[in-house]
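J.: Provided below are the primary sequence and the corresponding predicted coordinates.
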Amino acid sequence: MCLKKYRLKHLIGLITCLLIAGMHSEIIAQPAVTGVPFIKNTLDVRLQSLGNSFVSFKGLSGMHQINPAGVGRKDDLGLYFTSRESVSDIRFYDFGASFKKEKLGWSISSRIVPYPRQNNTTEGGEQSGSHKPLEFYQNASVSFELSKKWSVGFGLNYIHSDLASGAEVSGEEIKAGRALSADIGTIYNTSFSVADSWLIQTGFGISITDFGNLVKYTDNAEGDPLPMKFRTGLGLEAVYSGDWNGFKVIGLSSAVSLSKLLVALEFEENGSVRKFGPFQTIIKGWGVYKEQNPNNGEFTEYSLTEQFIYHAGMELTFLESFSFRMGYQNGQELNDFESLSSWGIGIDLYYLAIDYVNSSHTSEDYKGQETLTGSEYLQLKGRIPLDGK
């Protein structure tokens, strides 16, 4: 499965790929053209139930995962925690906090994936001790309002992937893979009233996440690119101006967006694959994409439009407390594992909120499978008002 796109150049790459596949194969059911796939998916339950389409909204707890320009909710310290199980009893933990004061917002978050203990073996088959693999992803993001309409954001990430450190392959010691990456984004909003009864806000957002160095597990390895992703989208929010006991009676939010994994590969005549760093990928990642069949060596080409994942989502909220959500993703043929339909509900009691999502794959190849992104999940959120209100 991991070799669907290309034949790995080094044996260490093969071992790492197989180890990852055995631990969370559903993440890389699509061709593993990048390293550290554990950071690829958005795990925020609310965003997932909305098809990951809300690129142009502000103040949601998971915005650091898709657009740092939207992090932080004014005068509230927001806390969130979610945990979800992958295959082989592998559990993902995702938690963080966010806050916004006047024009400046910030968020910090962590994603931790502890794996079962593994026995290290030498090339002769002898055991050389045990090792407990661990991967984690640390993010710090800030947003700033340039004006009432325009916001920008920046995020910095540290990625640690310790899958088999201490083992040896072809005389080379396997080490923990480490990388630094950056996120950047912007959001533009406008608002107006309709018939003095509805407040309408429209938005446009664009971002690039995980722009960073190649991940290496040995000193001499070429390294694998990060799952850098481009996103852009439009959003609309309509809130009825009437209230009941101080609560807005009804609100409707909807969005459409598209995303693309930014990756650039060149297949050499000797069968090896050339991979590029982030700066070259930004330039090269917009052309025709070639996928190689490992069984016969033939290539399938995908145009730029065929590489996009399309997103749509809608949320209906009553009394600012009860929400019903629907979302859809279309990954097309190249990214059919990303084709998902979802629905969710939210109960917001201000100090404590609970979000639920029920997501399922729409592709025939994965329909009915419970995966990290296609299943039922809960998320807890807390809110502490820091303005005394």
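T.: Looks like it came in fine. Numbering: from 1, shown residues only.

J.: for R46, pull up the helix or strand it's in.
T.: helix 45-49 (DSSP states H and E).

J.: next helix or strand past that helix?
T.: Trace forward from helix 45-49 with DSSP H and E and the next one is strand 76-85.

J.: can you list the weak-confidence ranges in the protein?
T.: Per-residue confidence of the chain (counting by pLDDT under 70) places the weak regions at 1-32, 87-88, 119-130, 271, 387-389.

J.: tell me where it has helices.
T.: The residue ranges that make up the helices of the chain, judged by DSSP state H, are 11-24, 45-49, 278-284.

J.: give the buried residues for the last one.
T.: The neighbour-count criterion (16 or more other CB atoms under 10 Å) identifies P278, T281, I282 as the buried residues of helix 278-284. To be clear about C-beta, it is placed using only N, CA and C from the backbone, and glycine gets the same treatment.

J.: can you list contacts of it?
T.: I208, F211, G212, N213, P225, L226, M228, L262, V263, A264, F276 (CB atoms under 8 Å, 6 or more residues apart in numbering).

J.: quick check: closest non-adjacent residue to D348.
T.: Closest residue in space to D348, ignoring its immediate chain neighbours: S321 at 5.0 Å, by CB to CB, 6 or more residues apart in numbering.

J.: how close does that neighbour sit to G35?
T.: Separation of S321 from G35 (CB to CB, to the nearest Å): 42 Å.

J.: that older thread, columns distance to A97 on top of the buried residues of helix 278-284, output as JSON lines?
T.: Below are the buried residues of helix 278-284 laid out as JSON lines (distance: CB to CB, whole Å):
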{"residue": "P278", "distance to A97": "28"}
{"residue": "T281", "distance to A97": "31"}
{"residue": "I282", "distance to A97": "31"}
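
J.: closest to N270 out of those residues?
T.: T281 (22.2 Å; CB to CB).

J.: does P133 touch H160 like I think?
T.: No - using CB atoms under 8 Å, P133 is not in contact with H160; the gap is 10.9 Å.

J.: between the buried residues of helix 278-284, which is nearest L258?
T.: I282 (17.3 Å).

J.: tell me the bridge partners for T317.
T.: G251, S323 (DSSP bridges).

J.: which of P133 and H160 has more neighbours?
T.: P133 (20 against 16; other CB atoms under 10 Å).

J.: for the more buried one, which non-adjacent residue is closest in space?
T.: Y115 (4.0 Å).

J.: neighbours of the one you found, how many?
T.: Y115: 22 neighbours (other CB under 10 Å).

J.: which residues touch it?
T.: Counted by CB under 8 Å, 6+ apart, Y115 has contacts M23, I90, K132, P133, L134, E135, L163.

J.: sorry, back to before: can you redo the contacts of helix 278-284 as a markdown table with neighbour count and distance to L234?
T.: Output for these, formatted as a markdown table (neighbours: other CB atoms under 10 Å; distance: CB to CB, whole Å):
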| residue | neighbour count | distance to L234 |
| --- | --- | --- |
| I208 | 18 | 18 |
| F211 | 21 | 23 |
| G212 | 21 | 28 |
| N213 | 15 | 32 |
| P225 | 27 | 29 |
| L226 | 28 | 27 |
| M228 | 22 | 22 |
| L262 | 23 | 21 |
| V263 | 21 | 25 |
| A264 | 20 | 28 |
| F276 | 17 | 31 |
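
J.: from those residues, which land in strands?
T.: I208, F211, G212 (DSSP state E).

J.: closest to G242 out of those residues?
T.: Nearest member of the ones in strands among the contacts of helix 278-284 to G242, counting by CB to CB, is I208, at 40.2 Å.

J.: dig out what that closest one forms beta bridges with.
T.: Where I208 sits in a bridge, its partners, by DSSP bridges, are I184, F230.

J.: same check on R84?
T.: On the basis of DSSP bridges, R84 is bridged to F92.

J.: hmm, back to that, which one's more surrounded, S321 and G35?
T.: G35 (25 against 14).

J.: excluding its backbone neighbours, what's nearest that one?
T.: D224 is the one closest to G35 (CB to CB, 6+ apart), at 3.2 Å.

J.: how close does the one you found sit to L265?
T.: The gap separating D224 from L265 is 11 Å, by CB to CB.

J.: what do you get for K229?
T.: Distance from K229 to L265, by CB to CB: 16 Å.

J.: for G78, same thing?
T.: Applying CB to CB to G78 and L265 gives a distance of 39 Å.

J.: repeat for D348
T.: 44 Å.

J.: with Q379 instead?
T.: Relative to L265, and taking CB to CB, Q379 is found at 35 Å.

J.: between the two, which one's more packed in?
T.: Q379 (27 against 19).

J.: how close does that one sit to E237?
T.: 21 Å.

J.: again, but for R274
T.: 45 Å.

J.: now F322
T.: Taking CB to CB, one finds F322 at 17 Å from E237.

J.: so the two - more neighbours on which side?
T.: Set F322 next to E237 and count neighbours by other CB under 10 Å: E237 wins out with 21 against 12.

J.: the more buried one pairs with what?
T.: Q201, S253.

J.: what residues are up against it?
T.: E237 touches F57, I200, Q201, T202, G203, G251, L252, S253, counting by CB under 8 Å, 6+ apart.

J.: tell me how many other residues crowd the residue nearest to F324 when sequence neighbours are not counted.
T.: Among residues not flanking F324 along the chain, L316 sits closest, at 5.0 Å (CB to CB, 6+ apart). Close neighbours of L316, defined as other CB under 10 Å, add up to 14.

J.: quick one on the thing from earlier: right, and the residue nearest to G35 touches F276 too?
T.: No - with contacts counted by CB under 8 Å, D224 stays clear of F276, the gap being 11.1 Å.
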